[in-house]
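Q: Below are the sequence and a predicted model; questions follow.
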Amino acid sequence: MKIKTALTIAGSDSSGGAGIQADLKTFSAHGVYGMSVITAITAQNTQGILGIQDVDPDIIEKQIKAIFDDLPVNSVKIGMVSQIETIQAIYNQLTRYQPKFIVLDPVMISKSGHHLLKPKSIQTLIKFLLPLATIITPNLPEAEVITQKKIHTYQDMEEAANKIYTMGAKNVFIKGGHRKEDATDILYDGQKFIYFKQQRIDTQNTHGTGCTLSSAIAANLALGFPIEKAVENAKKYITIAINHSLDIGKGVGPTHHFYELYQKSGIIN
Ligand SMILES: Nc1ncnc2c1ncn2[C@@H]1O[C@H](COP(=O)(O)OP(=O)(O)OP(=O)(O)O)[C@@H](O)[C@H]1O
Ligand SMILES: Cc1ncc(CO)c(N)n1
């Protein structure tokens, strides 16, 4: 069988739980060949972020060019984009190469409360990257920022999904990881709302869950699954990864990407 490939455009997390590192581990666990464009380097661990260095937009454009001019790219995931110039660099190159699938995780604030997207960059992300997205995967606070409306109930989640859909994303997946009652997510494809029901797993070790989920969707799209099935598989993947999350570090520990676990679960052949 021909190898499938996926590209992550995101920030580096030195502790390996989120960002580029989580994405590449997720791709590998799916048997997908992973490639990366690094947008920013974070000095980060399970307790917080010590510093952020943005990568020069010119080298961001060159990383994208280097990949697309040489290698096949079956899907793209976008994570931390940090600043306006970064967003413009990504937009310039992705509109040029037009990959078939783009999964946009509109990363804004880390679990430790640090800004991974500068507040002044939010409108640029909405204007340029959101309309390119095959699917956008905001958590509840991100969906609130994008729609400028508070979200409490499933009904609010549906309304937010509908509004973000009208802003140009082809599919909207609102993540319920920040809900108190459960961890149910909702997918909207412009026609119907599909609920991915899940009880909350009682753990504090959820560092990088959003990154892992969005890269699992990208991996499943690269493997050829249609959007609904790709999301269903990715939700199963993140749930297993949280169930086996690692109690390492002094703060919010990372999830586990263990190939054999997913093989046994039947998600991956
Ligand atoms: N305690 C939990 N139990 C079960 N599922 C969870 C839990 N926490 C998060 N999830 C699931 O993990 C996925 C990621 O959601 P979440 O809202 O945590 O993303 P996020 O806030 O973007 O993550 P991060 O920014 O830390 O990477 C969703 O499918 C969500 O339902
Ligand atoms: C680099 C990076 N991207 C995304 C997140 C969101 O979890 C994080 N903590 N760090």
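A: Great, that's in hand. Predicted model, so just to flag it, every value in this text is computed and none were measured. Ligands and ions are numbered 1, 2, ... in the order given.
Q: rest of the way, CA atoms for contacts and neighbours
A: Fine.
Q: Need the pLDDT of the nearest residue to residue 68 once chain neighbours are set aside.
A: Take residue 68 and drop its neighbours on the chain: the residue closest to it by Cα to Cα, 6 or more residues apart in numbering is residue 97, 7.1 Å away. Per-residue confidence (pLDDT) for residue 97: 98.
Q: so residue 97 sits right up against residue 66, yeah?
A: No. Judged on Cα atoms under 8 Å, residue 97 makes no contact with residue 66 at a distance of 11.6 Å.
Q: Tally up the residues packed near the residue nearest to residue 68, please.
A: Each residue near residue 97 was counted by other Cα atoms under 10 Å, and the total is 13.
Q: Check the one 3 residues further on too.
A: Applying other Cα under 10 Å, we find 13 residues neighbouring residue 100.
Q: same check, this time on the one 4 residues further on
A: Neighbouring residues of residue 104 were enumerated by other Cα under 10 Å; the total is 28.
Q: Just grab the bridge partners of it for me.
A: For residue 104, the beta-bridge partners under DSSP bridges are residue 78, residue 136.
Q: quick one: it from ligand 1, how far?
A: Using Cα to the nearest ligand atom, to the nearest Å, one gets 11 Å for the distance from residue 104 to ligand 1.
Q: can you check residue 178 too?
A: From residue 178 over to ligand 1 (counting by Cα to the nearest ligand atom), the distance is 5 Å.
Q: The stretch 1-150 of the chain: strands as residue ranges?
A: 5-13, 33-44, 49-54, 75-78, 102-104, 135-136 (DSSP state E, counting those that start in this stretch).
Q: looking at it, residue 74 is touching residue 4, isn't it?
A: Yes. Counting by Cα under 8 Å, residue 74 touches residue 4, with 6.4 Å between them.
Q: Need the residues touching each of these two.
A: Shared contacts of residue 74 and residue 4, defined by Cα atoms under 8 Å, 6 or more residues apart in numbering, comprise residue 222.
Q: and of the strands of the stretch 1-150 of the chain, who's closest to ligand 2?
A: Closest to ligand 2 of those is strand 5-13 (Cα to the nearest ligand atom; 3.9 Å).
Q: Can you confirm whether the closest one lies near ligand 2?
A: Yes. Against ligand 2, strand 5-13 shows contacts by Cα under 6 Å from any ligand atom at 11-13.
Q: What helices and strands are in contact with that strand?
A: Applying 3 or more Cα pairs under 8 Å, 6 or more residues apart in numbering; DSSP states H and E, one finds that strand 5-13 contacts helix 19-29, strand 33-44, strand 75-78, helix 209-222.
Q: Not counting the third one itself, show me its contacts.
A: Identification of contacts with strand 75-78 by Cα under 8 Å, 6+ apart yields 5-10, 99-106, 214-215, 218-219, 221-222.
Q: The second one too?
A: The contact list for strand 33-44, computed with Cα under 8 Å, 6+ apart, reads 3-15, 20, 24, 27-28, 49-55, 60, 63-64, 67, 80-82, 86.
Q: what's the closest residue to ligand 2 within the stretch 151-269 of the chain in contact with, if anything?
A: Nearest to ligand 2, among the residues of the stretch 151-269 of the chain, is residue 208, at 4.4 Å (Cα to the nearest ligand atom). Residue 208 sits next to 17-19, 22, 254-255 when contact means Cα under 8 Å, 6+ apart.
Q: Residues of this protein that sit close to ligand 2?
A: Residues of the chain found near ligand 2 (Cα under 6 Å from any ligand atom) are 11-13, 18-19, 42, 80, 110, 208.
Q: For the protein, list the residues in contact with ligand 1, please.
A: Residues of the chain lying near ligand 1 (Cα under 6 Å from any ligand atom): 110-111, 139, 175-178, 183-185, 200-203, 207-211, 213, 235, 238-239.
Q: Just the buried residues of those residues.
A: Using 16 or more other Cα atoms under 10 Å as the burial test, those include 110, 139, 175-177, 183-185, 200, 207-211, 213, 235, 238-239 as buried.
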